[in-house]
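Asker: Quick check, what structure comes out for this input:
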Amino acid sequence: MSSNRNFKELLDITSFSPFAYGLIYLANVIVFSLIYALFFDHDFKSDSINYVQSLYFSVVTVTTLGFGDLTPKLDATPLLLAVIAQVILGVVTIGLFLNALSHKLSERKDLAQKEYEKEVENKNLAKLLTILRPTISSYLKVLAETYKVTTIKVAGDFVKVIPQQEFSQEYYDQISRQDFFSNETIYGKGVMTWGDFIEQENGKFTDQINDYLNKFATSLPIELVELLVSLKNHQFLYHCKQAKQRIQIEKVHGVNMPCVNLLTIEHSSVDIPDKPNSIKDFHEKLLKLISHIEKKSVGEQFIMTIDLRKGVTAPSIGSAIGDIIKFGPFEQQAN
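Answerer: The predicted structure is shown next:
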């Protein structure tokens, strides 16, 4: 199939490059100079011509200059036909050469225009992604707090880590045990529950992305718009609401349910149909967005700063670790 296509392209004399037409034009001069020297050297009005003279005549003929210093005999019909053939081939070749050159210049102009438009598009995208940076940085602070309230590690200082390193399976398993009913947040103890705080921050996150999309969605690549929509509507952002609904069920039906949320089920060894995976999926999408922003926009690398100083600032380390369930990766852990 490809060989047939190449053969057809070879037969299409209008598709050659300007260089190819230049070679054809040069071949025209050389071939006809040989014809004049070998077969028609005595068919000129002057004495017989040598090869240099035939080359000169060939150049003068194919360029249609016609100086007249070398003139064919009018009764030398084959020579006159050869001259006519050379002129026609020369004119056709020059026409094709100019056409190919015009296409080449047009292609270069189009390519330069596309490169310019691409550069402008990349600059505009960089500006738009720079505008998105504060929203992501702000939410990374929430995730840093989530790590703090679900860990038992005490480093005694601030820990700085990039999201690509922090978001591991160990991290997912850890934050899956969030106790949304803990009463410690950055506002102190007893002001609001951890679940209310998370719901508040998740609401800010989704509102900020909504506002961003309302303003700039038409100027963003479709895959980026789809990623942002997927993040703002992600199930991971609504687990705290499900936990609060469970409290309502307890109040209405008087059922005492263990302080285990649906996030924990995701990271258990229990095999259930259509087992959810919202934690990992959300963070992987967030990492994809972070990678896109870092590559395309102006700014430093995203850093998560986790305050692991014991008893210095609220909430305290490990204050929102939920009850340990009797299955899964936490069955060997202790409070």
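
Asker: now the stretch 1-150 of the chain, which segments are flagged as low pLDDT?
Answerer: The stretch 1-150 of the chain contains residues with pLDDT under 70 at 1-12.

Asker: Quick check: which element contains the residue nearest the centre of the chain?
Answerer: For the chain, His292 is the residue whose C-alpha lies nearest the centre (Cα atoms, centre = their mean; 7.8 Å). When elements are assigned from DSSP states H and E, His292 belongs to helix 278-296.

Asker: Spatially nearest residue to the residue nearest to the centre of the chain, not counting backbone neighbours?
Answerer: Computed as Cβ to Cβ, 6 or more residues apart in numbering, the closest residue to His292 that is not its neighbour in sequence is Leu224, at 6.6 Å. The C-beta positions use only the backbone N, C-alpha and C, and glycine is treated the same way.

Asker: My guess is that neighbour contacts Ser291. True?
Answerer: No. Contact criterion Cβ atoms under 8 Å: Leu224 and Ser291 do not qualify, at 11.7 Å.

Asker: between these two, which one's more packed in?
Answerer: Ranked by neighbour count (other Cβ atoms under 10 Å), Leu224 and Ser291 place Leu224 first, with 21 against 13.

Asker: got the phi/psi numbers for that one?
Answerer: Dihedral angles phi and psi of Leu224 (degrees, to the nearest 10) take the values phi -70, psi -40.

Asker: Glu284 versus that one, what's the distance?
Answerer: Noted for Leu224: a distance of 16 Å to Glu284, by Cβ to Cβ, to the nearest Å.

Asker: One more: Glu117?
Answerer: Glu117 sits 32 Å away from Glu284, going by Cβ to Cβ.

Asker: Next SSE downstream of the helix or strand hosting Ser54?
Answerer: Secondary structure from DSSP H and E places Ser54 in helix 51-62. Counting by DSSP H and E, the next helix or strand C-terminal to helix 51-62 is helix 77-149.

Asker: and that next one with helix 51-62, angle?
Answerer: Calculated by axes from the mean of the first three to the mean of the last three Cα atoms, to 10 degrees, helix 77-149 forms an angle of 70 degrees with helix 51-62.

Asker: which residues are in contact with the very next helix or strand once past helix 77-149?
Answerer: Beyond helix 77-149 on the C-terminal side, the first helix or strand identified by DSSP H and E is strand 158-161. By Cβ atoms under 8 Å, 6 or more residues apart in numbering, the surrounding residues in contact with strand 158-161 are Ile303, Met304, Thr305, Ile306, Asp307, Leu308, Arg309.

Asker: Cool, thanks, signing off.
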